[in-house]
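Trainee: have a look at this fold, sequence not included:
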């Protein structure tokens with residue numbers, strides 16, 4: 001099965017940012033996106049308040065909303081789109097019902113937080129990786145990653161190493177320069193790849209269903225062979 005990266009389509013937003021989070025008076029609960037920042041692999045606490053969103057007047061109201069403040073692990077989608085997803089095979093995520101206000105009218109939306117990832121779906125034999133400067137993401141050198149377990153071994157080694165070089169600006173990360181999905185392992189219609197790259201993936205059958213339903217605000221990029229923008233650390237020249 002073919003897979004696609006799903007993301008907000010900048011050509012249809014109408015305004016950037018498309019929407020922002022409302023800051024409502026606190027009523028004895030902690031606001032979800034303002035004060036709590038889980039570490040990778042950790043969930044939000046259950047007793048948090050999900051505040052609503054305000055869509056910019058000049059923006060378009062779409063089924064997938066681009067917003068500031070949710071980080072790289074979140075989706076904000078309309079209720080019809082959320083309801084349709086329930087008939088597909090989805091990865092794990094935390095769900096919060098919320099609202100989006102557009103031109104003084106409230107619409108039901110759903111905030112999805114992807115605390116886990118599906119990095120084991122990556123085809124490590126075909127994919128390419130590099131050592132990056134953590135701050136700029138610019139490429140320092142190529143590296144090899146053989147499995148999800150190997151990636152996380154390198155990931156945690158870099159976290160420890162970076163603690164000792166942080167003051168000198170020598171922090172490094174392992175990132176993907178060309179991505180492939182392993183069809184023998186990928187068995188979900190919606191999943192999330194993290195740390196090496198932050199992307200949401202959908203199966204071809206989910207992509208086709210979203211397009212057939214007429215949902216707006218998203219674009220689809222083939223996952224296999226995807227090459228994120230990449231620059232050389234020394235020359236600052238664009239490599240891809």
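Mentor: Good, I have the coordinates. Quick caveat, the model's predicted, so the values are computed rather than measured.
Trainee: give the buried residues for the one helix or strand residue 157 maps to.
Mentor: Assigned by DSSP states H and E, residue 157 falls within helix 148-165. Using 16 or more other C-beta atoms under 10 Å as the test for burial, helix 148-165 gives 148, 151, 152, 154, 155, 158. C-beta: built from backbone N, CA, C; applies to glycine.
Trainee: quick check: next helix or strand after that helix?
Mentor: Toward the C-terminus, helix 148-165 is succeeded by strand 172-178 as the next helix or strand (DSSP H and E).
Trainee: and that next one, what's buried?
Mentor: In strand 172-178, counting by 16+ other C-beta under 10 Å, buried: 172, 173, 174, 175, 176, 177, 178.
Trainee: what is the nearest of those to residue 238?
Mentor: Closest approach to residue 238 among these (C-beta to C-beta): residue 177, at 12.6 Å.
Trainee: so how far is residue 135 from that closest one?
Mentor: 18 Å (C-beta to C-beta, to the nearest Å).
Trainee: then residue 95?
Mentor: Distance, residue 95 to residue 135, using C-beta to C-beta: 33 Å.
Trainee: and for residue 178?
Mentor: 22 Å.
Trainee: what's the neighbour count on residue 205?
Mentor: Using other C-beta atoms under 10 Å, residue 205 has 13 other residues around it.
Trainee: and for residue 219?
Mentor: Neighbours of residue 219 under the rule other C-beta under 10 Å: 14.
Trainee: just residue 134 next, same as before
Mentor: For residue 134, the count of nearby residues is 18 (other C-beta under 10 Å).
Trainee: for the residue lying closest to it once chain neighbours are set aside, give me its contacts.
Mentor: Nearest-residue entry for residue 134: residue 171, 3.8 Å, with adjacent residues in sequence omitted and distances by C-beta to C-beta, 6 or more residues apart in numbering. Listed by C-beta atoms under 8 Å, 6 or more residues apart in numbering, the contact set of residue 171 reads 133, 134, 135, 158, 162, 165.
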